[in-house]
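>>> Show me how the following folds:
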Amino acid sequence: MAFSKPAENIDQFNLTTGMTVADFGAGSGAYALAMARCVGQSGRVYAIDVQKELLARLGREAKAEHLANLEVIWSDLERAGGSKLADRLVDFVLFANLLFQISGQYTLFLEAKRILKPDGRLAVIDWRESYGNLGPPAERVIKIETVKDIASQAGFVFQKEFSAGDHHYGLLFTLA
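Next up is the predicted model:
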């Protein structure tokens with residue numbers, strides 16, 4: 001059984017040295033750390049979450065790994081401007097295991113659109129189904145077609161689906 005594997009999944013993102021990335025709902029930081037290694041010291045990763053204790057731990061881990069290119073930002077992503085980042089600042093945004101946790105998905109997509117550069121990309125990784133004690137309850141699972149619909153309404157174009165683990169789907173989008 002393979003759960004979502006950040007180091008393998010980020011290969012799908014085509015990140016390169018020097019890119020600027022935002023990890024919305026960074027949580028414990030597995031994706032943020034992997035992306036910080038990928039974009040190198042000339043790149044930048046903004047790890048954004050509402051849970052201060054997780055961000056503090058992530059900041060300590062980044063420091064221990066000498067990843068000075070990772071910045072933690074405490075913020076509420078369910079409101080407009082929630083990332084606290086400037087317009088058109090980033091090349092890539094990631095939502096990993098986030099959509100099922102919030103009620104304002106459309107606002108989240110609009111925030112990603114606001115901070116993305118015109119040629120920016122967005123990846124969404126989330127749970128395919130409810131698996132009992134793993135992942136969200138069935139009523140909180142956000143289906144692939146729903147994600148595509150919300151993304152389209154917010155101004156994104158679906159590019160491709162990728163395998164993100166046995167229990168997760170992965171979707172890539174560009175700006176319309």
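
>>> Centre-most residue in this protein?
Closest to where the C-alpha atoms of the chain average out (Cα atoms, centre = their mean) is residue 94, at 2.1 Å.

>>> That residue reaches residue 15, doesn't it?
No - judged on Cβ atoms under 8 Å, residue 94 makes no contact with residue 15 at a distance of 9.9 Å. Every C-beta, even on glycine, is put in place using the N, C-alpha and C of the backbone.

>>> Spell out which residues are contacts of both of the two.
In terms of Cβ atoms under 8 Å, 6 or more residues apart in numbering, residue 94 and residue 15 are both contacted by the residues 21, 35.

>>> What are the boundaries of the helices in the protein?
Secondary structure of the chain (DSSP state H): helices located at 6-9, 30-39, 52-64, 105-115, 144-153.

>>> Return the set of buried residues in the longest one.
To tie it back to what came earlier, the one meant is helix 52-64. Neighbour counts over helix 52-64 (16 or more other Cβ atoms under 10 Å) mark 54, 55, 58, 59, 61, 62 as buried.

>>> residues touching the fourth one, list them.
Right, residue 59. 70, 72.

>>> now swap in the last one and tell me
Listed by Cβ under 8 Å, 6+ apart, the contact partners of residue 62 are 29, 32, 33, 36, 68, 70, 72.

>>> One more: the third one?
Shown in contact with residue 58 (Cβ under 8 Å, 6+ apart): 26, 28, 29, 32, 33, 47, 70, 72.

>>> try 10 Å
23, 26-30, 32-33, 47, 49, 51, 67, 70, 72 (Cβ atoms under 10 Å, 6 or more residues apart in numbering).

>>> Export those to a markdown table and append columns for neighbour count.
Converted to a markdown table, the contacts of residue 58 look like this (neighbours: other Cβ atoms under 10 Å):
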| residue | neighbour count |
| --- | --- |
| 23 | 30 |
| 26 | 27 |
| 27 | 19 |
| 28 | 15 |
| 29 | 24 |
| 30 | 19 |
| 32 | 30 |
| 33 | 22 |
| 47 | 28 |
| 49 | 24 |
| 51 | 14 |
| 67 | 21 |
| 70 | 26 |
| 72 | 23 |
